[in-house]
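> Build me a model from this:
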Amino acid sequence: MRTISAWWCALVLVGLGACGEGQPPAPPPKPRAEVKAAPETKAGPTEESRAELYLQAKERLAALLPEDKDGPKRLVAELGAGLREIADNAADAPLRANASLLLGTLHERAGDRRTAISFYRQTLALLPNEIEPRRVLALALAGDGQYAAAIPEQEAVVKDDPDDLEAWLLLGELNVKADKPEDATKAYAAYEMRRRGLIDGLTLQNKDGTYVMPVDQRAACARALIPARDNGTALALLYALKREPDPVVRQALAEAMGTQRLTGYKAPLTDMAAREAHPEAKAAMLWAIQEIERDPLESRPGPVPVDGTGPQGQGAGDMADGAGAKGQGANDLAQGAGAKGQDATGRAVTGPDAKGPDAKAGQQAAAKADPGAGAPTTPR
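Got it, this is the predicted structure:
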């Protein structure tokens, strides 16, 4: 009992001594640390915001002026990261493909063709059944001097549309530069066969004087002949314009002539426009005359076709300089990597909403029917 009491007293004394005089005051209690709220997690981009960003980027590229040489590099710096996020992470495959295609366009126009080719390949991997990415990739590879690599892509293009004369010319050029003369000969022979077939579709008549092909197909043949600036094709177009009874086809013929801009067309077009009663066909003829006056290309003289037989065209070796539908030669096609040689600004492989692919037929028809910048277009 005594032992327990002594221990309890000692404990009490120790406690009292801790509060007695001569002892340092106890430090004040530390304030309780404030509990910081967890940072708010920012929501990631949605498919809608990605699509909106893509369309804004496309519009900004389209709005660049030709004299703004640094514009593409500036857009790469400002938009590249956002577009890359879309190309890598968007759930919608066509949207990813469009972002990849636009990135390729930006880098190509900024002078970085190797990076552009990488993005074009990504586009093709996302949409392997679309032909336009192959067309773009083939032209970019050709511009980079990778002719052998471009050939398979260009072969797919001509297989998709055998009547695309410009595509056959480019395939021949690629084989020449890849040191494949036999394949080049085959490509130029196919070009010539298709060219003659288009002329026949435009001009041939039955024994009763009716045309073999209907109006819409004759008009399509006229526009498909735009890349063929040889003398024989020029004579074929003049022959058809003189005899064509339908104003829709006459309008298409005038648009083709205005895009080719051969000086030999000016006098016949002037004569035909003075007598043309159909307003749309007349407008197309007047536009063609203005285009020839703006940037004329010399044409060589040749024999006049015999009435009733249709003109005989010249071979691919007689192609005039500037064989492309926009006036460029085969050597210059790589400078404008878009279909038909246009800039890649409008190269999207999906519709304006960036949600689904355009109809292939619509793309091909638009490419074939391109009458050139400023050509009169009216509903038919």
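> what's the closest non-adjacent residue to I289?
Leaving aside its chain neighbours, I289 sits nearest to L269 (5.3 Å; criterion: CB to CB, 6 or more residues apart in numbering). For every residue, glycine as well, the C-beta is placed using N, CA and C.
> what sits against the one you found?
241, 254, 257, 285, 288-289, 292 (CB atoms under 8 Å, 6 or more residues apart in numbering).
> From the residues you listed, keep the buried residues only.
The neighbour count (16 or more other CB atoms under 10 Å) marks 241, 254, 257, 285, 288-289, 292 as buried among those.
> Just the pLDDT for L286.
Looking at L286, its pLDDT reads 97.
> residues near it, how many?
17 (other CB atoms under 10 Å).
> measure it to K266 for me?
Note on L286: its distance to K266, by CB to CB, to the nearest Å, is 12 Å.
> For the helix or strand hosting the residue nearest to I289, list every residue counted as buried.
Remark: L269 resides in helix 266-275, with elements defined by DSSP states H and E. Within helix 266-275, the residues that count as buried by 16+ other CB under 10 Å are 266, 269, 272-273.
> Which strands or helices does the helix or strand just after it pack on?
Following helix 266-275 in sequence order, the next helix or strand is helix 279-294 (DSSP H and E). In terms of contacts (3 or more CB pairs under 8 Å, 6 or more residues apart in numbering; DSSP states H and E), helix 279-294 is packed against helix 247-260, helix 266-275.
> The longest one vs helix 266-275, what angle?
Angular relation of helix 247-260 and helix 266-275 on a 0 to 180 degree scale: 150 degrees, by axes from the mean of the first three to the mean of the last three CA atoms, to 10 degrees.
> Just the buried positions in helix 247-260, please.
Buried residues in helix 247-260, defined by neighbour count with 16+ other CB under 10 Å: 247-260.
> Next, the contact list for the nearest residue to E293 once chain neighbours are set aside, please.
Sequence neighbours aside, K266 is the residue nearest to E293 in space, at 7.4 Å (criterion: CB to CB, 6+ apart). By CB under 8 Å, 6+ apart, K266 lies in contact with 289, 292-293, 296.
> Closest one of those to L141?
Using CB to CB, P296 comes nearest to L141 of those, at 33.3 Å.
> Residues contacting the host helix or strand of I151, please?
Per DSSP H and E, I151 falls inside helix 147-160. Defining contact as CB under 8 Å, 6+ apart, one finds that helix 147-160 is touched by 131, 134-135, 137-139, 141-142, 164, 167-168, 170-171, 174-175, 177-178, 180, 183, 187, 190, 364.
> could you redo the last one with a cut-off of 6 Å?
Applying CB atoms under 6 Å, 6 or more residues apart in numbering, the contact partners of helix 147-160 are 131, 134-135, 137-138, 141-142, 167-168, 170-171, 174, 177-178.
> Tell me the one of the contacts of K266 nearest L235?
Ranked by distance to L235 (CB to CB), the contacts of K266 are led by I292 at 16.4 Å.
> And the residue nearest to I289, what's its pLDDT?
L269 is given a pLDDT of 96.
> Same question for the one 4 residues further on.
On pLDDT, A273 comes in at 97.
> quick check: angle from whatever helix or strand comes next after the helix holding I151 to helix 147-160?
Elements were assigned by DSSP H and E; along the chain past helix 147-160, the next helix or strand is helix 165-177. Relative orientation of helix 165-177 versus helix 147-160 (the same axes, to 10 degrees): 150 degrees.
> sorry, back to before: in TSV, list the buried residues of helix 266-275 along with distance to A81.
Putting these into TSV (distance: CB to CB, whole Å) gives the following:
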residue	distance to A81
K266	51
L269	51
M272	55
A273	53
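> okay, now T233: neighbour count?
Number of residues near T233 (other CB under 10 Å) recorded here: 28.
> no no, A178
17.
> how close does it sit to M193?
Distance, A178 to M193, by CB to CB: 22 Å.
> Equivalent analysis for A228, please.
Distance check for A228 against M193: by CB to CB, it reads 12 Å.
> out of the two, which sits in the more crowded spot?
It is A228, of A228 and M193, that has more neighbours when counted by other CB under 10 Å, with 31 against 12.
> Phi and psi next, for the more buried one.
Here is the backbone geometry of A228 (degrees, to the nearest 10): phi -90, psi 90.
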